[in-house]
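A.B. asks: sequence first, then the predicted structure:
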2 protein chains.
Amino acid sequence: MNIPNHLSNHKIKPSYQRIKIFEYLYKEMNHPTVDLIYKTLAPEIPTLSKTTVYNTLKLFVDKGITSTVTIENNEVRYDAALSLHGHFKCNICGIIVDVPLNINQLKLNELNEFKIEEFNVHLKGKCNKCLTK
Amino acid sequence: MNIPNHLSNHKIKPSYQRIKIFEYLYKEMNHPTVDLIYKTLAPEIPTLSKTTVYNTLKLFVDKGITSTVTIENNEVRYDAALSLHGHFKCNICGIIVDVPLNINQLKLNELNEFKIEEFNVHLKGKCNKCLTK
DNA sequence: CTCTAAATTTGTACTCATTACAATTTTATA
DNA sequence: TATAAAATTGTAATGAGTACAAATTTAGAG
């Protein structure tokens, strides 16, 4: 993945901050909060402002290269993966894992009644690591 | 549904405020926010405090007679229906509709890898009413 | 019925994620 | 090199939710 090209292809001017933020999202795949992105990148980009992180993520979402994960209600998380998938969150260690999904399996009647634009599946519980501790 | 009995059966002392709040949840089925509950009941219960609404809903969730709907990240909504179901939210008019679900249809491998304690499905899009306007 | 302790409710102050907005800096181009 | 547009930044404001202590209500003992 050539990140500057990826951004350009989606009409996003590839500034230094934007490249770094997308790079973090894409490489870490850790569904970070704004705060985590900011704290991680701030040492590397000393002038970085949290507002820039907010602005940039909003832009990424608008342009369709990032999606939001609202698995918790007190913080938004971000995901650079765009294929249809759900999320599992361990209530003990807090890790968030991607879960492959096939929307067709649900055979929802509502898919005909409404125009569905977003489909989110959130699972919560305990991961094996925490269960065997 | 006898609400005082329902509360008592779940070890919740049926105070006036608790009865009124559960009654609202149960009868309206509108997935309200704390603010909507407060604004609706305040004229009827002039001494009502928003903290009481928060406390009461937290108690209902802890005791298992209410669940939270985190379809949006800037507000928590509440639901007195406990059977497994998802939620559809219309991005235009904001209505939230229950969507029947069968978890078995998903055949998730993760159901074996993790101990799933919560299962949430959120759909967003446009409802027929708004589409035909 | 009365007293007391526990439970419940209430109001105020606070936290913290997010947004608004204006000022500064950077970039692109004429 | 000048200028306008775009991007970044910092500060102040917003608003949902929480902490906490005071006030009120309830329940049970005597």
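C.D. replies: Yep, that arrived.

A.B. asks: any idea what the residue nearest the centre of chain A is bridged to?
C.D. replies: Residue closest to the average C-alpha location in chain A (Cα atoms, centre = their mean): A:Asp79, at 1.5 Å. Beta bridges link A:Asp79 to A:Ser67, judged by DSSP bridges.

A.B. asks: correct me, but it touches A:Ile71?
C.D. replies: No: counting by Cβ atoms under 8 Å, A:Asp79 stays clear of A:Ile71, with 10.4 Å between them. Backbone N, C-alpha and C define where each C-beta goes, glycine included.

A.B. asks: what's the overlap in contacts for the two?
C.D. replies: A:His87 (Cβ atoms under 8 Å, 6 or more residues apart in numbering or on different chains).

A.B. asks: residue ranges with poor pLDDT in chain A?
C.D. replies: Applying pLDDT under 70 to chain A flags residues A:103-111.

A.B. asks: what residues does it put near DNA strand D?
C.D. replies: A:12-13, A:15-18, A:45, A:47-52, A:55-56, A:73-74 (Cβ under 7 Å from any atom of the strand).

A.B. asks: got a quick ChimeraX command for the buried subset of those residues?
C.D. replies: The following ChimeraX line selects those of these that are buried, judged by 16 or more other Cβ atoms under 10 Å in any protein chain shown:
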select /A:12,17,18,48,52,56,73
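
A.B. asks: what about DNA strand C: which of the residues of chain A next to DNA strand D touch it?
C.D. replies: Among these, proximity to DNA strand C is found for A:13, A:15-16, A:50-51, A:74 (Cβ under 7 Å from any atom of the strand).

A.B. asks: out of those residues, who's nearest A:Ile95?
C.D. replies: Proximity to A:Ile95 was ranked across these by Cβ to Cβ; first place goes to A:Asn74, at 17.4 Å.

A.B. asks: what about that closest one, which SS state?
C.D. replies: Classification of A:Asn74 into helix, strand or coil gives coil, according to DSSP: H, G, I helix; E, B strand; the rest coil.
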